[in-house]
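A.B. asks: just the structure for this:
(one chain, ligands or ions: 1)
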Amino acid sequence: MNPSRPITAVGLVSLVALLAFGLTPRAAEVPALGEAFRDHFLVGAALNRSHVTGTGGRRSAEQVTGEIALVKRHFNQVTAENDMKWQLIHPREGQDGYDFAGADALVAFAQSNRMEIVGHTLVWHSQTPNWVFAGTNPPPPGATNPPPAVVAGNTNGPGTNRFGRGGFGPGFGRYNGPRASRDELLQRMRDHIHTVVGRYKGKVKVWDVVNEALADGGPENVMRNSLWSEIIGPDFIAKAFQYAHEADPEAILRYNDYGLENPVKIQKLVTLIRSLQEQKVPIHAIGTQAHLNVSSAGFEQMDRSLTEIAKLGLPIHVTELDINSAQGGQRNTGADIAANATTTQGGLVSDADKKLADAYAGVFRAFLKHRDQVKMVTLWGVNDAVSWRAGGKPLLFDGGNQPKPAFDAVIAETGKAATTR
Ligand code: XIL
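C.D. replies: Here you go, the predicted model:
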């Protein structure tokens, strides 16, 4: 709405309706993100339990109402921030061990608001309970199970300590007991994938099948060491995709990882995906998380990354976009959740609003340049207050749901789209 123009009756009615549902004046006036990019790609957000059930947790009813109004207005795609992870959807062994409450609520919310749903995530080394890996086989000598993770309390979702003490409790990559055999673990993986993907068949259109299987660090190690890779072997990835494809042959199956701004990690991605493609594994899209920082994020970094990823010939989804403005997070684009607390320490960088706006403008310019490949851009959270990196104020809306200068900068890029190729 242009403030210099007289407001029409229809405009007035919709503004009143938006205000009634909790959107602050400016938030109700600015263009809607999903609309602004409609011709190019979907724009989504990760939602937590409060958003899809409409109930509190740590946020007041008023805050939650405002966030829901924001989601409905701006996003046409949603991902569960936590509720489809193994730890939450399948906390105990067996067919009775599932808890679909959060995931069902997300699916119902998205369907009633005509939003595309992404399922996140089927196989990951984090947020997976111990029982999945437990069995009767002693761990092999020299097994390199990741060291215990220290995770700061989760600030998202209803209530605290949903993952137990320290954020995730037992089962967060720290299982050191006797192990399942390869066949047992494959069987558990198959049951899990068939049950979860099968339940939402035709509703969840895109799945993150395997999350973060690539190693960080130098080029010598391509694959991350995890209980999945140690117990099953490197073909755990191919198997997971195969099971997901059996469960829903129509679903778009995604490989998702972070740090794909780093040329070394991109080469690992290329090695992995080419090998899967040679084996005819059903993999249909690449998810690049894009947990960025204001010091390095911008057009050049994103353009370089997307150019390399695009060589794989698959659609690209930007799956977890946020741009950290805290001093503690300026050195890398890692997203190891065990190290997350340190990334938002030290207060904001100087001139944070301006740097964030420039960075967001740059990355969206790159998304638009690569719009033939980029099909979806998901922000990792609704606003700064509910972000997993709240201290780094990394999103487009502030904690009071006001659009930030970065929001305006992103919208401004749509006007330049025709000239960016
Ligand atoms: C994060 C969530 O945002 C937090 O609420 C949770 O405490 C930890 O996990 N990469 C991923 C996401 O694939 O699932 C992670 O989400 C962030 C890093």
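A.B. asks: which residues of the protein lie near the ligand?
C.D. replies: 81-82, 154, 156, 211, 289, 320, 335, 337, 388 (CB under 6 Å from any ligand atom). To be clear about C-beta, it is placed using only N, CA and C from the backbone, and glycine gets the same treatment.
A.B. asks: only the buried subset of those residues, as a ChimeraX command please.
C.D. replies: Selection of buried members from these for ChimeraX, criterion 16 or more other CB atoms under 10 Å:
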select :81,82,154,156,211,289,320,335,337,388
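A.B. asks: among the residues of the chain next to the ligand, which are in strands?
C.D. replies: 211, 320 (DSSP state E).
A.B. asks: out of the residues of the chain next to the ligand, who's nearest G347?
C.D. replies: W388 (18.2 Å; CB to CB).
A.B. asks: now that closest one, what are its backbone angles?
C.D. replies: phi -70, psi -20 (degrees, to the nearest 10).
A.B. asks: correct me if wrong: M376 contacts F41.
C.D. replies: Yes: under the criterion of CB atoms under 8 Å, M376 lies in contact with F41, with a separation of 5.5 Å.
A.B. asks: name the SS class of G22, please.
C.D. replies: coil (DSSP: H, G, I helix; E, B strand; the rest coil).
A.B. asks: JSON lines please, covering the residues of the chain next to the ligand and showing distance to G142 and pLDDT.
C.D. replies: Below are those laid out as JSON lines (distance: CB to CB, whole Å; pLDDT from 0 to 100):
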{"residue": "E81", "distance to G142": "36", "pLDDT": "98"}
{"residue": "N82", "distance to G142": "33", "pLDDT": "98"}
{"residue": "N154", "distance to G142": "33", "pLDDT": "33"}
{"residue": "N156", "distance to G142": "37", "pLDDT": "31"}
{"residue": "N211", "distance to G142": "26", "pLDDT": "98"}
{"residue": "Q289", "distance to G142": "31", "pLDDT": "98"}
{"residue": "E320", "distance to G142": "34", "pLDDT": "98"}
{"residue": "A335", "distance to G142": "28", "pLDDT": "91"}
{"residue": "I337", "distance to G142": "26", "pLDDT": "88"}
{"residue": "W388", "distance to G142": "34", "pLDDT": "97"}
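A.B. asks: now the residues of the chain next to the ligand as JSON lines including distance to Q301?
C.D. replies: Below are the residues of the chain next to the ligand laid out as JSON lines (distance: CB to CB, whole Å):
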{"residue": "E81", "distance to Q301": "25"}
{"residue": "N82", "distance to Q301": "28"}
{"residue": "N154", "distance to Q301": "29"}
{"residue": "N156", "distance to Q301": "27"}
{"residue": "N211", "distance to Q301": "22"}
{"residue": "Q289", "distance to Q301": "14"}
{"residue": "E320", "distance to Q301": "16"}
{"residue": "A335", "distance to Q301": "15"}
{"residue": "I337", "distance to Q301": "22"}
{"residue": "W388", "distance to Q301": "21"}
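A.B. asks: can you list the buried residues in the helix or strand harbouring V118?
C.D. replies: Here V118 sits within strand 116-123, counting by DSSP states H and E. Using 16+ other CB under 10 Å as the test for burial, strand 116-123 gives 116-123.
A.B. asks: check contacts around the nearest residue to N137 once chain neighbours are set aside.
C.D. replies: Of all residues not flanking N137 in the chain, R179 sits nearest, at 4.8 Å (CB to CB, 6 or more residues apart in numbering). Contact analysis of R179 by CB atoms under 8 Å, 6 or more residues apart in numbering lists 133-135, 137-139, 227, 231.
A.B. asks: please redo it, this time with the cut-off set to 10 Å
C.D. replies: 133-140, 143, 145, 185, 227, 230-231 (CB atoms under 10 Å, 6 or more residues apart in numbering).
A.B. asks: likewise for W228?
C.D. replies: So W228 contacts 123-125, 128, 132-133, 185, 189, 210, 213, 234, 236-237, 239-240 (CB under 10 Å, 6+ apart).
A.B. asks: and the angle from the host helix or strand of Q242 to strand 116-123?
C.D. replies: Assigned by DSSP H and E, Q242 belongs to helix 236-247. On the basis of axes from the mean of the first three to the mean of the last three CA atoms, to 10 degrees, helix 236-247 is oriented at 140 degrees to strand 116-123.
A.B. asks: after helix 236-247, next one along is what?
C.D. replies: Later in the chain than helix 236-247, the nearest helix or strand by DSSP H and E is strand 252-257.
A.B. asks: check which element follows that following strand along the chain.
C.D. replies: Of the helices and strands lying after strand 252-257 in sequence (DSSP H and E), the nearest is helix 263-278.
A.B. asks: neighbouring contacts of that next one?
C.D. replies: 210, 213-219, 221-224, 234-235, 237-238, 241, 255, 257-260, 262, 281-283, 286, 288, 304-305, 307-309, 311-314, 333-334.
A.B. asks: residue of this structure nearest the ligand, please.
C.D. replies: Nearest residue of the chain to the ligand (CB to the nearest ligand atom) works out as W388 at 3.4 Å.
A.B. asks: and the gap between that residue and T24?
C.D. replies: Per CB to CB, to the nearest Å, W388 is found 23 Å from T24.
A.B. asks: now do S350
C.D. replies: When S350 is compared with T24 (using CB to CB), they lie 27 Å apart.
A.B. asks: who's more crowded, these two?
C.D. replies: Between S350 and T24, T24 has the larger neighbour count (other CB atoms under 10 Å), namely 17 against 9.
A.B. asks: for the strand holding V118, the averaged confidence score.
C.D. replies: Strand 116-123 shows a mean pLDDT of 98.
A.B. asks: any idea how far whichever helix or strand comes after it is from the middle of the chain?
C.D. replies: Next in sequence after strand 116-123, counting helices and strands by DSSP H and E, comes strand 134-137. From the chain centre to the centre of strand 134-137 is a distance of 32 Å (CA atoms, centre = their mean, to the nearest Å).
A.B. asks: quick one: list the elements packing against strand 134-137.
C.D. replies: Applying 3 or more CB pairs under 10 Å, 6 or more residues apart in numbering; DSSP states H and E, we find strand 134-137 packed against strand 179, helix 182-199, helix 227-231.
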